[in-house]
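Chemist: sequence first, predicted model second:
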Amino acid sequence: DGYGTTYFGEPTFMDYRLFTLNDNLYLHANADVTVVTQLDLRSKEYGRKPRKGQFLLDIVYGEDNLEVTMLHDFNTIWSGGDRGKNFALFSVPNQTHPDEPDAVYAEVDINPSHNVQQLYLDEIEMIKRNIVKKRIRRNWTVDRIMMRKAKPAGNITESKYEPSPSFFTVDEHWFPGLRPAFRRAGHGGACCVSLSRKEALAQGKHIKLAQESWGENDYLLVGVAHTSVIWRRWYSDKAVPDSAKNMIPHTHYVSFFYAFEPRPPFELRARSGYFCLGFAGADGTEGGMFNPHSVLTINRKLSQGNETFSCPQINFVSSFIEKVEEPDSTVIGYGINDCTPRLVEVTKKEIARMLFSDPWDMKMEEAKNEAVAQNIPWPQLPQMWG
């Protein structure tokens, strides 16, 4: 029963995500550990009886013509020996056997070190109950799912290089050095969409794709990660005035893009500064169904430095894919305050702009226009970026 003696029962699954790997569909969910299984989806017209070890899922909400079968019990991703959460799963071509199925990987850590583990999601290694007890973080009963370890292949790869953000946000100016508002380390998120060198160059005329940023690859894999505010014990200290507490954001999320090489050790090559994915439009023009009266759809905005930003307290990305039949665009799916789902379309050009910023997109052009308007000669600068 975990660390103690009280029975708490099985934790609730949450943060469900679907991944397509080698043309197979996998369900990934968080509990006290992270679990994964392969699904079979078909019309009931072509339904079949589950084989031994497979489980036909009951339709709980409503009724439709879809039949969903778990092809095996849940397996636990132990992230190289410890519990983890929000693993982004992705696949790349098999380097040694190109005709074999793609190799499947799980992102264990995003940064500062990009750590990745190759996995066989449908194969298991049983681990002992007493080992599981030492790894779980809550007082849950150890069950056989926790003991079903998804089989790893080799050791975790670790990147050696962490690029600086392509831009900085106001919090890094307001809280510099050892007083950052947000944690340095990011978490998944969702991955991956490919970004070619040509697509990156297309977003600006003065982009420099340095060898150390691009490596020897003609494309990079891009993901979206999130990080959160660093918890401070004095949040609950009544002796600290509210005016001081309001200067620092409180339990908020921000996101960032990151790009890495498409082969081991998956070196991290670029990352953007922080951004947030916003609230649903207030004009009622957006499609889909959500509760417009729920305060969680518009409330709990990010506040720091006596300024309020139109950013939800929680904006958690759970999907990131290339748009069907439009390879120059992507779709990001995310949740707002764990209450409202939302989909947004983001072009690869915009993602490239945030990862590989054109230095001339800053305020130089505004300065030039102002100088020209006042008949002040503007220097002819040499072309420094090709």
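Modeler: Received, thanks.
Chemist: any idea what residue 29 is bridged to?
Modeler: residue 35 (DSSP bridges).
Chemist: report how many residues lie close to residue 300.
Modeler: If you count neighbours by other CB atoms under 10 Å, residue 300 ends up with 16. For glycine as for every other residue, the C-beta is placed from the backbone atoms N, C-alpha and C.
Chemist: that one touches residue 337, doesn't it?
Modeler: Yes: with contact defined as CB atoms under 8 Å, residue 300 and residue 337 form a contacting pair (6.1 Å).
Chemist: list the contacts for residue 166?
Modeler: Listed by CB atoms under 8 Å, 6 or more residues apart in numbering, the contact partners of residue 166 are 270, 271, 272, 273, 354, 355, 356, 357.
Chemist: closest to residue 172 out of these?
Modeler: Residue 172 lies nearest to residue 273 out of the contacts of residue 166, by CB to CB, at 8.1 Å.
Chemist: neighbours of that closest one, how many?
Modeler: Neighbours of residue 273 using other CB under 10 Å come to 18.
Chemist: tell me which element it falls in.
Modeler: Assessed by DSSP states H and E, residue 273 sits outside every helix and strand.
Chemist: who touches both of residue 300 and residue 337?
Modeler: Jointly contacting residue 300 and residue 337 under the rule CB under 8 Å, 6+ apart are 312, 313, 314.
Chemist: relative to residue 37, how far out is residue 184?
Modeler: Computed with CB to CB, to the nearest Å, the distance linking residue 184 and residue 37 is 33 Å.
Chemist: the more surrounded of the two?
Modeler: Shown here are residue 184 and residue 37; by other CB under 10 Å, residue 37 has more neighbours (21 against 10).
Chemist: spit out the contact partners of the more buried one.
Modeler: 26, 27, 70, 71, 72, 73, 74, 75.
Chemist: which of those are buried?
Modeler: Using 16 or more other CB atoms under 10 Å as the burial test, the contacts of residue 37 include 26, 27, 70, 71, 72, 74, 75 as buried.
Chemist: near the residue nearest to the last one when sequence neighbours are not counted, how many other residues are there?
Modeler: Using CB to CB, 6 or more residues apart in numbering and skipping residues adjacent in sequence, the residue nearest residue 75 is residue 150, 4.3 Å away. For residue 150, the neighbour count with other CB under 10 Å is 25.
Chemist: for residue 150, give me its contacts.
Modeler: Counted by CB under 8 Å, 6+ apart, residue 150 has contacts 36, 75, 76, 77, 78, 119, 120, 121, 123, 124.
Chemist: report the two of the contacts of residue 37 separated the most.
Modeler: 26 and 73, at 13.5 Å, using CB to CB across the contacts of residue 37.
Chemist: remind me which helix or strand residue 156 belongs to.
Modeler: Per DSSP H and E: strand 148-158 holds residue 156.
Chemist: now the element after that strand, going C-ward?
Modeler: Using DSSP H and E, the helix or strand that directly follows strand 148-158 along the chain is helix 170-174.
Chemist: so what secondary structure elements neighbour whichever helix or strand comes after that next one?
Modeler: Counting by DSSP H and E, the next helix or strand C-terminal to helix 170-174 is strand 187-196. Other elements packing on strand 187-196 under the criterion 3 or more CB pairs under 8 Å, 6 or more residues apart in numbering; DSSP states H and E are strand 88-92, strand 103-109, strand 219-228, strand 315-323, strand 326-336, helix 348-355.
Chemist: need those in JSON lines (columns: mean pLDDT and mean neighbour count).
Modeler: Shown next, in JSON lines, are the helices and strands packed on strand 187-196 (pLDDT from 0 to 100; neighbours: other CB atoms under 10 Å):
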{"stretch": "strand 88-92", "mean pLDDT": "92", "mean neighbour count": "21"}
{"stretch": "strand 103-109", "mean pLDDT": "91", "mean neighbour count": "23"}
{"stretch": "strand 219-228", "mean pLDDT": "91", "mean neighbour count": "23"}
{"stretch": "strand 315-323", "mean pLDDT": "90", "mean neighbour count": "18"}
{"stretch": "strand 326-336", "mean pLDDT": "91", "mean neighbour count": "18"}
{"stretch": "helix 348-355", "mean pLDDT": "89", "mean neighbour count": "21"}
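Chemist: for the residue nearest to residue 321 when sequence neighbours are not counted, name its beta-bridge partners.
Modeler: Once flanking residues are discounted, residue 321 sits nearest to residue 331: 5.5 Å by CB to CB, 6+ apart. In this entry, residue 331 is beta-bridged to residue 321, residue 345, by DSSP bridges.
Chemist: was I right to think residue 331 contacts residue 318?
Modeler: No: judged on CB under 8 Å, residue 331 makes no contact with residue 318 at a distance of 11.7 Å.
Chemist: and stretch 88-103, how far apart are its ends?
Modeler: Stretch 88-103 has its terminal residues 14 Å apart, counting by CA to CA, to the nearest Å.
Chemist: swap that for stretch 26-39, please
Modeler: One end of stretch 26-39 to the other measures 6 Å (CA to CA).
Chemist: and that stretch, how far out from the chain's middle?
Modeler: Put simply, stretch 26-39 sits 16 Å off its chain's centre (CA atoms, centre = their mean, to the nearest Å).
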